[in-house]
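Asks: Give me coordinates for this.
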Amino acid sequence: MKGLPSHPNPRLRAFRPPAGVPAASLFYWATRLFLQVTLSSFWKVRVFDRHREPAEGGAVYVCNHQSFLDPPLMSFALRRPMNYMARHTLFHMPGFRHLIEALNAFPVHRGTADTGAMKEAMRRLKAGGQVVVFPEGTRTRDGRIGPFLPGTVLLCRRAAEWTVPVQIEGAFDAWPRWQALPSPGEITVRYGEPISQAEARAMRPEALLHRIRETILAMQRDTRRRLGKPPLAYAET
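Replies: Numbering: from 1, shown residues only. Modelled structure (predicted):
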């Protein structure tokens, strides 16, 4: 993966976050450190273009969905804390519920227009937080990036100051949805150029969704080329 930068945003090098950026609990950072060590021990994880993390303002990260590993991988090397939408059934387990809530997760009912989850995501974005969404709605079945659900653009246009496309490669090979346990391997995470809220609002919702998905598809093609993997075929292309 030569030629791609792998350093954080210089404005986020300080221990304390910039003014207006919500701080995370000590438990959040301790758990994330544990995940960083654990993931790096089992997989070769490489992160590129993380300098594109906005230093301030609410940001929504739009990421392809390859495996159960995606939520921690997606924020693996970011300096600001992340908020996660998690399947509502996970909150039915009392002990696990407290754990994921401490990691800034909030419930979403998949397969429905969950207005409550959208409102909570907007609230956290408007408060200056960062939220990750997986607009495919489910994990990939073959490594390809599926169609995006339209609700994502509401966050991009109404609440987020920044929209950051994210592409994960290798997590599907490490842990496909039909495999009970993960396998070792190499995983890469890449961040695209942030889209400002002004840009997002200037585009029609369907055009914005198309732009985000095409950006992630382009990153996937480039990543696979750099890794020596063949490109994935898509019916629409």
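
Asks: From start to finish, how long is stretch 6-26 in a straight line?
Replies: Stretch 6-26 has an end-to-end distance of 25 Å (criterion: CA to CA, to the nearest Å).

Asks: and that stretch, average pLDDT?
Replies: pLDDT averaged over stretch 6-26 equals 83, rounded to a whole number.

Asks: List the buried residues of it.
Replies: Within stretch 6-26, the residues that qualify as buried by neighbour count (16 or more other CB atoms under 10 Å) are 8, 12, 17, 21, 24. In short, each C-beta sits where N, CA and C put it, glycine included.

Asks: what comes into contact with it?
Replies: The set of residues that contact stretch 6-26 without belonging to it, under CB atoms under 8 Å, 6 or more residues apart in numbering, is 46-57, 77-81, 102, 104, 127-129.

Asks: In helices, which of those appear?
Replies: Counted as lying in helices by DSSP state H, out of the contacts of stretch 6-26, are Ala102.

Asks: Kindly supply the PyMOL command isolating those of the contacts of stretch 6-26 that are buried.
Replies: For anyone working in PyMOL, the buried entries among the contacts of stretch 6-26, judged by 16+ other CB under 10 Å, can be selected with:
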select buried, resi 46+47+48+49+50+52+53+54+55+56+57+77+78+79+80+81+104+128+129
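
Asks: Excluding covalently adjacent residues, which one is nearest to Met1?
Replies: Nearest-residue entry for Met1: Arg226, 5.1 Å, with adjacent residues in sequence omitted and distances by CB to CB, 6 or more residues apart in numbering.

Asks: Next up, the contacts around the nearest residue to Pro205 once chain neighbours are set aside.
Replies: Nearest residue to Pro205, sequence neighbours excluded (CB to CB, 6+ apart): Val153, at 4.4 Å. Applying CB under 8 Å, 6+ apart to Val153 gives the contacts 200, 205, 208-209.

Asks: how about 10 Å then?
Replies: For Val153, the contact set (CB atoms under 10 Å, 6 or more residues apart in numbering) comprises 60, 62, 135, 163, 200, 203-209, 212.

Asks: out of the residues you listed, who has the most neighbours?
Replies: Counting neighbours by other CB atoms under 10 Å, Val60 leads the contacts of Val153 with 30 neighbours.

Asks: what's the helix or strand for that residue?
Replies: Secondary-structure element containing Val60, defined by DSSP states H and E: strand 59-63.

Asks: That strand: partners in the sheet, and parallel or antiparallel?
Replies: Sheet neighbours of strand 59-63, with direction, are listed as strand 130-133 (parallel), strand 162-169 (parallel) (DSSP bridges).

Asks: Quick check: which of these is nearest to Thr38?
Replies: In this view, these are compared for proximity to Thr38 by CB to CB, and strand 162-169 is the closest at 17.1 Å.

Asks: Kindly format the C-alpha coordinates of that closest one as CSV.
Replies: Included here for strand 162-169 are C-alpha records, laid out as CSV according to Å, rounded to 0.1, in the frame of the first residue of the first chain:
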residue,chain,number,x,y,z
TRP,A,162,-18.9,16.3,7.6
THR,A,163,-19.5,13.0,5.8
VAL,A,164,-16.5,10.7,5.6
PRO,A,165,-16.6,7.6,3.3
VAL,A,166,-14.8,4.6,4.7
GLN,A,167,-13.7,1.4,3.0
ILE,A,168,-12.7,-1.9,4.8
GLU,A,169,-10.9,-4.7,2.9
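
Asks: residues contacting His210?
Replies: With contacts taken as CB under 10 Å, 6+ apart, His210 has the following neighbours: 148, 203-204.

Asks: ok now stretch 186-195, how far from the chain's centre?
Replies: 9 Å (CA atoms, centre = their mean, to the nearest Å).
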